[in-house]
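In: dropping the sequence and predicted coords here.
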Amino acid sequence: MSGHWGILVSDPWLQNQFTQVELRSLKSHFMSMRRESGRLVIADLASKMSRLKVVGENLSEEERASCVKDLYQNTEDEVDFELFLKVYLKLQAFSNSRTGSSPKNASAFLKAATTTLLHTISESEKASYVAHINHYLAKDEFLKKYLPIDPSTNELFEIAKDGVLLCKLINVAVPGTIDERAINTKRILNPWERNENHTLCLNSAKAIGCTVVNIGTQDFIEGRRHLVLGVISQIIKIQLLADLDLKKTPQLLELLDDSKDMEELMNLPPEKILLRWMNFHLKRAGYRKIVTNFSSDVKDAEAYAHLLNVLAPEYINPSTLAVKNPFERAKLVLEHADKMGCKRYLTARDIVEGSPNLNLAFVAHIFQHRNGLSAQTKQQMSLLETFPDDTQDSREERAFRLWMNSLGNSTYINNVFEDLRNGWVLLETLDKVSPGIVHWKIANKPPIKMPFRKVENCNQVVKIGKQLKFSLVNVAGNDIVQGNKKLILAYLWQLMRYNILQLLKNLRFHSRGKEITDADILEWANSKVSSSGSQSRMDSFKDKSLSDGIFFLELLSSVQHRAVNWGLVTKGVTDQEKKMNATYIISIARKLGCSIFLLPEDITEVNQKMILTLTASIMSWCLKHPHDERTVGTSDNESGSQLETTSNSTLDDSASDSSVDENGNM
């Protein structure tokens, strides 16, 4: 342990218990806990440590309180960071002593968190993910010389060190996320090229919904196994759950008892839809229990036996439900699944041990292969047609959701219109954007049963918005509690715009510059492109000439001469050429270190909010790396920043002043 984080912990023994990444994560939790009540005392730890992995999942609050009381008698003593770490280690040891080993779900597949506070990994999970990679990337021209990977070794982590494998896996999960022209694919990469690949990977992972808080490129280069596996697990999860969406699989309407439930179904996270689908078929099979999780509820394999009997009755084995031993039943279930072509993700041991990650992957794979739902009916089609086509709202919701998740809030957001209604995550986001602005003593932490408590949180959200000079005419906290889409989108829009301008202001402050405005961002971009000898310019963030992407390629090239390989750029005349340039722009910007959530369509259609955020992200990178723009070098195709990725996920999808006035006025 060295440098800034080493100073946080003076005790050498404690320093040796954690990596820098783990210390950063724990320090963030510690500061958040202390901020909520102004001070943190020993009596608070039992409840507040519920949010920490392992300790929170495996111990009840009573067990944590009992353990803490045995260690420290004076419960009113104030807790400093080192004491916090010691209590955490004691509780972790107590948790492991009860379970007999480290948790099987260390990579947090279900919770989408990758900063696990254990060094252990699940060998079963590693083997399953390796099998997935071997299957889906077997025909990749670059990777085929490395595949198949041997799951019994650490070969996966060695191959992942150059960043190519993870970039390719992201494109399997969400095709087209990364323009593969931007990946450095020489057989032997130098340190800068490898770093660029990992920067591209991390920013692209955030852009598809992964949580990569406190993970840097160095973690991949050093092959930190639990972090690499955590990112891989999230990418695979996103791929497996992709079809659990009404727009992609309209047959899911069959799960509804009433057409009024349609919006509720659309707002459910994919895991919940998968459970609903599973219980739908279990009810048909006469199975009386309700499956509520992918762990304890499936350990005996009975639910699986009934599910597969309904989906693939041609392979029924009467012995499956007759055997008494859960392990033997699990083996028969997997034989049944194998005959269906669905035995990819787990073993019988994983079933009886209740591995949530692998059970989720197994059920999702079954859904993809054979969902057992009726063919789409005219009634379902007409029902879908009655639902408003809010493509623009959906795209904005996606951008705001990904941005907020990238900040590392306590709750993973699946739908901003539903998940923000209690106000808590909005307060957390406000606190990250403007530290200290939230009055935590009057905030109500979930779960919140009383509706007026949610209103209290949202009233504070509105009050802070007005304090930050947001346009909030005739808006009350209850509007957020009621899930008013227009108001929620407009609030988030202004919050992101405030965030980006504050960041740029702070960067300019260190350079003795003035406060940043939208006009300054526009002027900066035009000046940069002009200084490189180009005649291109943009008149505004909604200038239709930007649709061909040439201006942004010239801007990227002006801030980092090595960034763009002009031999790969199209003329941007046809729609296809414009889209190719747009995907290339996004990947090059992410490769530099810009954390952005826009889609190629946002460039080709010149969405002024996203155009502003793209420009501001590039400006922010340039202000942080004033010397990199003069760097000259060579790479396999083209390269970006030579520095580690910046994890500022705040320079993303905000809006210009004029945009707020046109559409965001509340």
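Out: That came through fine.

In: and the residue nearest the centre of the chain, how far is that from Asn457?
Out: In the chain, the residue lying closest to the centroid (CA atoms, centre = their mean) is Cys210, at 2.5 Å. Distance, Cys210 to Asn457, by CB to CB, to the nearest Å: 27 Å. The C-beta positions use only the backbone N, C-alpha and C, and glycine is treated the same way.

In: same deal with His625?
Out: As judged by CB to CB, His625 and Asn457 stand 39 Å apart.

In: okay, those two: which has more neighbours?
Out: A count of neighbours by other CB atoms under 10 Å puts Asn457 above the other of His625 and Asn457, at 26 against 18.

In: tell me what the helix or strand hosting Ala330 is packed against?
Out: In this assignment (DSSP states H and E), Ala330 forms part of helix 326-340. Other helices and strands packing on helix 326-340, by 3 or more CB pairs under 8 Å, 6 or more residues apart in numbering; DSSP states H and E, are helix 302-311, helix 319-322, helix 348-352, helix 356-369.

In: averaged over its residues, what pLDDT does it have?
Out: Per-region confidence: helix 326-340 scores 94 on mean pLDDT.

In: how far away from the center of its chain is that helix?
Out: Its chain's average C-alpha position is 33 Å from that of helix 326-340, according to CA atoms, centre = their mean, to the nearest Å.

In: quick one: buried residues of it?
Out: Arg329, Ala330, Lys331, Leu332, Val333, Leu334, His336, Ala337, Met340 (16 or more other CB atoms under 10 Å).

In: and stretch 426-435, by the same measure?
Out: Leu426, Leu427, Glu428, Thr429, Leu430, Asp431, Lys432, Val433, Ser434.

In: so the fourth one sits in a helix?
Out: Yes: assessed with DSSP: H, G, I helix; E, B strand; the rest coil, Thr429 lies in a helix.

In: grab the nearest non-local neighbour of it.
Out: With sequence-adjacent residues excluded and distances taken as CB to CB, 6 or more residues apart in numbering, Thr429 is closest to Met404, at 5.6 Å.

In: list the contacts for that neighbour?
Out: Ile413, Val416, Val425, Thr429, Leu492 (CB atoms under 8 Å, 6 or more residues apart in numbering).

In: also Val333?
Out: Each residue near Val333 by CB under 8 Å, 6+ apart is listed here: Ala301, Tyr304, Ala305, Leu308, Thr320, Ala348, Ile351.

In: and of these, the nearest to Asp150?
Out: Ala348 (22.1 Å; CB to CB).

In: quickly note the distance from the closest one to Ser355.
Out: 11 Å.

In: between the two, tell me which one has more neighbours.
Out: More crowded of Ala348 and Ser355, by other CB under 10 Å: Ser355, with 28 against 18.

In: that one reaches Asn293, doesn't it?
Out: No: under the criterion of CB atoms under 8 Å, Ser355 makes no contact with Asn293, lying 11.7 Å away.

In: what residue ranges in the protein score low on pLDDT?
Out: Low-confidence segments of the chain (pLDDT under 70): 1-17, 19-21, 53-54, 56-58, 95-120, 258-260, 375-393, 509-514, 627-666.
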